[in-house]
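S.K.: let me see the structure of the following:
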Amino acid sequence: MNNTAITSIPTSGLLTDKVAFIAGASRGIGAAAARLFAREGARVLLAARTEASLTAVVEEIRTAGGTADYVVCDLADPAGIRAAVDRSVELYGRLDVAFNNGATGQPPGPMDRLAEADFDHVCAVNLKGPWLAMTAEIAAIRATAKRGAIVNTSSVGSLMANPQLPVYGAVKRAVNSLTASAAATYGPEGIRVNAIAPGTTLTEMLHEWDEKSPGIIEQLNAHTPLGRAADPEEIAQAAAWLLSDRSSYVTGTVLRVDGGMRA
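M.R.: Model (predicted):
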C-alpha cells in the first residue's frame, strides 16, 4: 500500500493573471490553497479571523515571489464578508475566482447530545457563511471580470450518514445544494460554481477531532482505499483545477477528493 502523499507537484501557471479570494485561508486547506494559487500565478487575497496566521501565510507567499494580501473577516458577518470580497477589487482591480473554504467543526457525538448553541454556530459559519460569500463574490465578478468561477468546500461526510458529526454533515450537504443552485442560476452569465468534498485531511480540525475521539484517523484511513489521509495541498490542487480555465465545462459538481472512501 502506498502511504506517501504527493505534495510537490510542479506548477504550470494554472491560475496566471487570476485574482483569487480565499475565505478561511489562515490554516489547513485554505492556507495550502493560498500558497498554491499564488505559485500558479494568481494574485490572492486571504480572509479569516486570525490576523497572526494570515500575516504568516502572506509573508510566506511574498517571500516566495507571489502577490498576496489579507483581510481579517468573520465569515458569519454579512458586512465583513462583503467588505473582504470588495477589498480584492480595491487591491487588484477585479475578482476572477473565489474559494470558500472557511468552516467550523462540531463536538463529535450523537445529534441529541449537541447543544443548540453549537448547532447554530455550525449553521452560521458553514452554511450562512458560504451563502453570504457567494452573494458578494458573484456581485464582484459581475461588476469586474464578468466571468469567473467559485469553489465551495463541502465534505465527504455530506455524502453519507455521519453519526459522529451529524450537523456538520447535514450543513455540508446543504452547501452541495447551494452550489448546484448557484451553478444553474449563474451559468448563463459564465460564472461556474462547484464544490469539493475532501475526505480525511491532515488539518487542525481533523487533529482536534482525533483528540476528542482517539483513533478516529486510523479508523477513517482503514475505510480509505489509498490507506492514508490527504495533505491539505492535495485538496487545494483539486480546487485550483476547478477554478482554472482547464475545467471550463465543469459546473454544478461536487468533486470527491477522498482517496476512494466513497468509491
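S.K.: from here on, contacts and neighbour counts on C-alpha atoms
M.R.: Noted.
S.K.: who's in contact with the residue positioned nearest the centre of the chain?
M.R.: Taking CA atoms, centre = their mean, the centroid of the chain lies closest to Asn101, which sits 2.4 Å from it. By CA atoms under 8 Å, 6 or more residues apart in numbering, the contact set of Asn101 is Ile22, Ala23, Gly24, Ala25, Ile29, Gly30, Asn152, Thr153.
S.K.: distance of the last one from Leu220?
M.R.: I take that to be Thr153. Thr153 sits at a distance of 19 Å from Leu220 (criterion: CA to CA, to the nearest Å).
S.K.: which one's more surrounded, those two?
M.R.: Counted by other CA atoms under 10 Å, Thr153 and Leu220 do not tie: Thr153 has more neighbours, with 27 against 15.
S.K.: which parts of the strand or helix carrying Thr179 are buried?
M.R.: Assigned by DSSP states H and E, Thr179 belongs to helix 166-186. By 16 or more other CA atoms under 10 Å, the buried positions in helix 166-186 come out as 166-176, 178-180, 182-183.
S.K.: report the residue spans of the protein with pLDDT below the cut-off.
M.R.: For the chain, residues meeting the criterion pLDDT under 70 lie at 1-8.
S.K.: if we use 90, what do you get?
M.R.: Within the chain, the segments meeting pLDDT under 90 span 1-12, 75-76, 102-103, 105, 202-216, 219.
S.K.: hey, where'd the helices end up in the chain?
M.R.: Ranges of helices within the chain are 28-39, 51-63, 78-92, 116-123, 129-143, 166-186, 204-212, 216-222, 232-243, based on DSSP state H.
S.K.: want to throw these into CSV with distance to Thr253?
M.R.: Shown next, in CSV, are these (distance: least, CA to CA, whole Å):
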stretch, distance to Thr253
helix 28-39, 19
helix 51-63, 29
helix 78-92, 24
helix 116-123, 22
helix 129-143, 16
helix 166-186, 7
helix 204-212, 24
helix 216-222, 24
helix 232-243, 10
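S.K.: what's the most buried one of those?
M.R.: helix 28-39 (a mean of 26; mean count of other CA atoms under 10 Å).
S.K.: for it, packing partners?
M.R.: strand 19-23, strand 43-48, helix 51-63, helix 232-243 (3 or more CA pairs under 8 Å, 6 or more residues apart in numbering; DSSP states H and E).
S.K.: next, the angle from the third one to helix 28-39.
M.R.: Orientation check (axes from the mean of the first three to the mean of the last three CA atoms, to 10 degrees): helix 51-63 against helix 28-39 gives 30 degrees.
S.K.: who touches helix 51-63?
M.R.: Contact partners of helix 51-63, identified using CA under 8 Å, 6+ apart, comprise 25-27, 31, 34-35, 38, 46-48, 67-72.
S.K.: quick check: end-to-end length of stretch 64-79?
M.R.: Terminal residues of stretch 64-79 lie 32 Å apart, using CA to CA.
S.K.: buried residues, that stretch. List them.
M.R.: 66-78.
S.K.: just how off-centre is it within its chain?
M.R.: 13 Å (CA atoms, centre = their mean, to the nearest Å).
S.K.: how about residues contacting it?
M.R.: Applying CA under 8 Å, 6+ apart, the contact partners of stretch 64-79 are 23-24, 38-39, 41-51, 54-55, 58, 61-62, 80-81, 84, 87, 102, 124-125, 128-129, 132-133.
S.K.: next one: stretch 157-174
M.R.: In contact with stretch 157-174 (CA under 8 Å, 6+ apart) are residues 105-111, 119, 122-123, 126-127, 154-155, 197, 199.
S.K.: quick one, which of those are buried?
M.R.: By 16+ other CA under 10 Å, the contacts of stretch 157-174 give 105-109, 119, 122-123, 126-127, 154-155, 197, 199 as buried.
S.K.: among the residues you listed, which are in strands?
M.R.: Those of the buried ones among the contacts of stretch 157-174 mapping onto strands are Ala197, per DSSP state E.
S.K.: greatest separation within the buried ones among the contacts of stretch 157-174: which pair is it?
M.R.: The distance between the two most remote of the buried ones among the contacts of stretch 157-174 (CA to CA) is 22.2 Å, for Phe119 and Gly199.
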